[in-house]
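Novice: the amino acid sequence is not available; the structure is as follows:
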Ligand code: SF4
Ligand code: SF4
């Protein structure tokens, strides 16, 4: 999905950093959050449950049947997004979320919703949100 992402992410090519403003919009966008084996292991450990339980409770098969994805009802935000726009599994969030927006090509409409911004390293705000999606 929207996944999600890192509040502060280095963009090696452009030598800029992405500052997320924590609006949570990308965790509400329709779509899927793919899970790698490493994501499943990290999320299960973070939640204090075994991988089998995590898979049963929180995942489903991707429409292309190539991987597991987070199980989310249509038109609902990510199951791990809190009402105040925090990611409940932030330290163990999936790779897809960590890579947002650096490796994403989100539809233009969604890009308009994102309030994050690219800045150079010397222009970072003092109040970077913590634990944001
Ligand atoms: S796992 Fe966290 S960062 Fe990823 S979509 Fe869900 S709430 Fe957002
Ligand atoms: S500012 Fe952008 S990257 Fe940050 S939570 Fe909002 S939509 Fe996601």
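Specialist: Perfect, I can see it now. Predicted, not measured: the structure shown is a model, and the values here were computed from it. Ligands and ions are numbered 1, 2, ... in the order given.

Novice: what's the offset of the longest helix along the chain from the middle of its chain?
Specialist: Using DSSP state H, we find that the single longest helix of the chain is helix 37-47. Counting by C-alpha atoms, centre = their mean, to the nearest Å, helix 37-47 is centred 14 Å from the centre of its parent chain.

Novice: go on, stretch 55-71?
Specialist: Its chain's average C-alpha position is 16 Å from that of stretch 55-71, according to C-alpha atoms, centre = their mean.

Novice: show the end-to-end separation of it, please.
Specialist: Using C-alpha to C-alpha, to the nearest Å, the gap from the first to the last residue of stretch 55-71 comes to 9 Å.

Novice: what residues does that stretch touch?
Specialist: 1, 32-36, 40, 43, 49, 78-80, 94 (C-beta atoms under 8 Å, 6 or more residues apart in numbering). The C-beta positions use only the backbone N, C-alpha and C, and glycine is treated the same way.

Novice: in this protein, which spans are strands?
Specialist: For the chain, the strands defined by DSSP state E cover 8-11, 16-19, 34-35, 59-61, 68-70, 117-119.
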